[in-house]
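Visitor: Give me the fold of what follows.
(2 chains, ligands or ions: 4)
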Amino acid sequence: MDKLLRKVNFDKLIGSVVNRGGRFIAPSLDARQVVFKAVKKAEEISFDHILARNSYKEYLFPQTEVIADFTVHKDGIDLQGRDVEPSTTVIFGARPCEAESLSALRAVFTWDFIDEFYTQREDKTVVLTVACTKGDEACFCTTVGLSPESTSGSDVYLKETEGGDYIAKAITDRGRAFIEEHAAAFEDAKDTKTKKLFMPEKIAGIDLARIAERLSKKEHYDDPVWARLTRKCIGCGACTFVCPTCHCFDITDEGMAFGGERRKNWDSCQYDTFTLHASGHNPREFQYKRWRNRFMCKFNIYPDKFSSKGCVGCGRCIRVCPVRLDITEVMEEMSK
Amino acid sequence: MEEILRKKARELLESGAVKVVIGWGWNRNRTRTTPVFITSPEDADKLVWNPLCVNNLSVYLTRKFKDIQALGKPAIVAKGCDIKNIVVLITEGQVKREDVFIIGMTCDGVVYRQELWKGELRPEIMPTKCHNCDVRNPFVADFVVGEKSAFTPPEAPTGMVFDKIKEIDNKDASGKWAFWINEFSRCIKCYACRQVCSLCYCERCITEKNMPQWIETSAHPRGNLSWNLTRAMHLVGRCTFCGECERACPVNIPLNLINQKMIQVVKDAFDFRSGYDEKTHPPMIVFNPEDKENFIK
Ligand code: SF4
Ligand code: SF4
Ligand code: SF4
Ligand code: SF4
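Guide: Ligands and ions are numbered 1, 2, ... in the order given. Reported below is the predicted structural model:
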């Protein structure tokens, strides 16, 4: 049965999670914008916004993390891997689009190697999705086959009531267990009226099947359309850093001459050094080729190799882009 | 103004005087501007001019964009503040004056960020640079579009950036340190600040040099501090306060404060302001026996 999560009970819920050693991640105002943050009190949570600027992926796949320690001595190098011992992570306020992104991340982090730094955290993550009552022109979930009504990827799906509380529906076993574990914060829901959801208009000229077909043919690499639409990209990488499905990372060693840390840091296919070979050759020598790669990754590689969505239509890359390169404008062109 | 701009662009492309016009155009819904590269005269009508034309397009003149250079001689549509960056590029030998056709736009100001636009340019949504602007009339240009602006900037600079600098100047060393460590703690090392900057034109940024690794690429406090300080230092006497880095920063680090503070330091020490004269070299690359050395104590 659906449950009611009252706003006044958020402190109880957060406390219940934190007291069990977990962390409660929620949208919160920081430096004049709403971002996902670990919160300790309900008053830190932003309840009224469209979408957090960043995605919550950084709580499963941190921007930087130590994966090993090394020491150098005269007989060689000792490398000691670190274990990841994650606590429960509760993500409150994911949107239905980005909830879907976890399966995309999981697919890549379990592809030919199990990346335990990711999988162990994700195994202990509970996603509490809040359906959208607001949106903007950058939202395009409905164009990629999702909508504010999608529950895929969510453990608990919440809808806001007219009075500002939430009706909670457990979607997965993990979600059911979460509600049971923190039962004190939930009440039985009687037929409470929920707010009308925001539905982005489907972009008429976009056809995912047609995009996939065009991208499956090698000739598209030389299509002048890439340079025409995307040469304005300045390669800042901001889109990849806020994107819930972008996952590229780099391994780097830091420290002093005789020891240090091996770190796993976010990287971006939008950087010119991303594909720079030691020989000096760069197969993606111009920015539009790097941008083409990002598009390929989302609409060819992901669906083809992992049968998952590389783009969930959250629109973050569009909002954050300093040159307003709109991925849907390229999708439209590639649907022709 | 838009019509005159388009007409000029069309003429330039038709006559072959330039091969590409770099300007601003609309996105699909005509709600935001975005850079456009016009290569055929029929497309000149795609150019727009309005307070949403925030991007400093001079970044596309740098060597980071070899594919754009391959198109041929460019004309660039530029506001006065954008022209300052072109001037710096000229003084630093990156662009030759005769290799670029500058279409200067007289300007009444732009929005700080496009999201703020509600159909009207109110002072509250304009960046500090516009409130104090002394280049609303393009000062280095091959063609100027628009009536002469009569705006005179206030005697003493005003606006959020200047107020905040005063506030930070009044803190003691540990207060300043705490302020910046907190701001930099959000840095995600995306390098959007560098990429959007026309004066960050190095083909290999110091942060990409890894033998040895000068700047740790990790987004931890040490790496963030060394990155942000290094970038600030590399822009001393060069940055024109165009504000692009702060606009591009996805985590809202107030980079304008650092850059404006550096501008004040250079003004006091060398009586120099970058971007005003394409014939004067910036102070960091010239030796002058008259330079004050009062920092040596
Ligand atoms: S590509 Fe853009 S719209 Fe798609 S999931 Fe990533 S950030 Fe969201
Ligand atoms: S945010 Fe925009 S400019 Fe930056 S890399 Fe992405 S598409 Fe390019
Ligand atoms: S700084 Fe001056 S030239 Fe630049 S946008 Fe503002 S008013 Fe226009
Ligand atoms: S744009 Fe902001 S977050 Fe990105 S590297 Fe620069 S200061 Fe850091």
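Visitor: Next up, the contacts around B:P283.
Guide: B:P283 is in contact with B:G237, B:V266, B:A269, B:F270, B:F272, B:D291, counting by CB atoms under 8 Å, 6 or more residues apart in numbering or on different chains. The way it works is simple: take the backbone N, C-alpha and C, and place the C-beta from them, glycine included.
Visitor: Could you take the residues you listed and lay them out as CSV, with extra columns for secondary structure?
Guide: Shown next, in CSV, are these (DSSP: H, G, I helix; E, B strand; the rest coil):
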residue, secondary structure
B:G237, coil
B:V266, helix
B:A269, helix
B:F270, helix
B:F272, coil
B:D291, coil
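Visitor: Nearest to B:C200 among those?
Guide: For the contacts of B:P283, the closest approach to B:C200 (CB to CB) belongs to B:G237, at 14.4 Å.
Visitor: got a list of contacts for stretch A:271-289?
Guide: A:226-227, A:229-231, A:233-235, A:237, A:248, A:267-270, A:290, A:292-293, B:65-67, B:191, B:208.
Visitor: Which of the residues you listed fall within helices?
Guide: A:W226, A:A227, A:L229, A:T230, A:R290, A:R292, A:N293, B:K66, B:D67 (DSSP state H).
Visitor: residues in chain B within reach of ligand 3, list them.
Guide: Neighbours of ligand 3 within chain B, by CB under 6 Å from any ligand atom: B:K79, B:G80, B:C81, B:C107, B:G109, B:V110, B:K129, B:C130, B:C133, B:V135, B:R136.
Visitor: hmm, try it at 5 Å
Guide: For chain B, the contact set with ligand 3 under CB under 5 Å from any ligand atom comprises B:K79, B:G80, B:C81, B:C107, B:G109, B:V110, B:K129, B:C130, B:C133.
Visitor: looking at it, A:S28 is touching A:K37, isn't it?
Guide: Yes: the criterion here is CB atoms under 8 Å, and A:S28 meets it with A:K37 at 4.3 Å.
Visitor: where does chain B dip in pLDDT?
Guide: Applying pLDDT under 70 to chain B flags residues B:295, B:297.
Visitor: Where do the strands of it begin and end?
Guide: B:20-26, B:33-38, B:74-79, B:101-105, B:143-145 (DSSP state E).
Visitor: who does the last one pair up with?
Guide: The partner list of strand B:143-145 in its sheet, established with DSSP bridges, is strand B:101-105 (parallel).
Visitor: what angle do the strand it pairs with and strand B:20-26 make?
Guide: 30 degrees (axes from the mean of the first three to the mean of the last three CA atoms, to 10 degrees).
Visitor: Which of the residues of chain B next to ligand 3 sits closest to B:E203?
Guide: Among the residues of chain B next to ligand 3, B:C81 lies closest to B:E203 (CB to CB), at 25.4 Å.
Visitor: Would you confirm that B:L57 contacts B:V77?
Guide: Yes: using CB under 8 Å, B:L57 is in contact with B:V77, at 6.8 Å.
Visitor: quick one: common contacting residues for the two?
Guide: With CB under 8 Å, 6+ apart as the test, B:L57 and B:V77 both reach B:I22, B:G23, B:W24.
Visitor: Walk me through the domains of chain B.
Guide: Split into domains by automatic domain parsing, chain B comes to B:2-145, B:160-285.
Visitor: any chance of those in TSV, with distance to A:I77 too?
Guide: Converted to TSV, these look like this (distance: least, CB to CB, whole Å):
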stretch	distance to A:I77
domain B:2-145	37
domain B:160-285	17
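Visitor: re the thing from before, shared neighbours, A:S28 and A:K37?
Guide: Shared contacts of A:S28 and A:K37, defined by CB under 8 Å, 6+ apart, comprise A:E44.
Visitor: With ligand 1 as the reference, measure out to B:P221.
Guide: Distance of B:P221 to ligand 1, given as CB to the nearest ligand atom, to the nearest Å: 27 Å.
Visitor: for A:F47, same thing?
Guide: Counting by CB to the nearest ligand atom, the gap from A:F47 to ligand 1 is 22 Å.
Visitor: Mind putting the contacts of B:P283 into TSV with neighbour count and distance to A:D112?
Guide: Listed next are the contacts of B:P283 as TSV, based on neighbours: other CB atoms under 10 Å in any protein chain shown; distance: CB to CB, whole Å:
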residue	neighbour count	distance to A:D112
B:G237	20	50
B:V266	20	53
B:A269	16	57
B:F270	17	57
B:F272	18	56
B:D291	11	60
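Visitor: Out of those residues, which is nearest to ligand 1?
Guide: Of all these, B:G237 has the smallest distance to ligand 1: 37.4 Å, by CB to the nearest ligand atom.
Visitor: Tell me which residues touch that closest one, please.
Guide: B:M262, B:V266, B:F270, B:F272, B:S274, B:P282, B:P283, B:M284.
Visitor: hmm, 6 Å instead?
Guide: B:V266, B:S274, B:P282, B:P283, B:M284 (CB atoms under 6 Å, 6 or more residues apart in numbering or on different chains).
Visitor: biggest separation within those, which pair?
Guide: B:S274 and B:M284 (9.7 Å).
Visitor: So which of these two has more stuff around it?
Guide: Taking neighbours as other CB atoms under 10 Å in any protein chain shown, B:S274 and B:M284 compare with B:S274 leading, 27 against 15.
Visitor: quick one: that one and B:I86 touch, right?
Guide: No: B:S274 sits out of contact with B:I86 when judged by CB atoms under 6 Å, with a separation of 11.7 Å.
Visitor: Relative to ligand 2, which residue of chain B is the closest?
Guide: B:A192 (6.3 Å).
Visitor: Could you measure from the closest residue to that residue other than its chain neighbours over to B:D82?
Guide: In space, B:A192 comes closest to A:C236 once its chain neighbours are excluded; the distance is 3.6 Å by CB to CB, 6 or more residues apart in numbering or on different chains. Distance, A:C236 to B:D82, using CB to CB, to the nearest Å: 18 Å.
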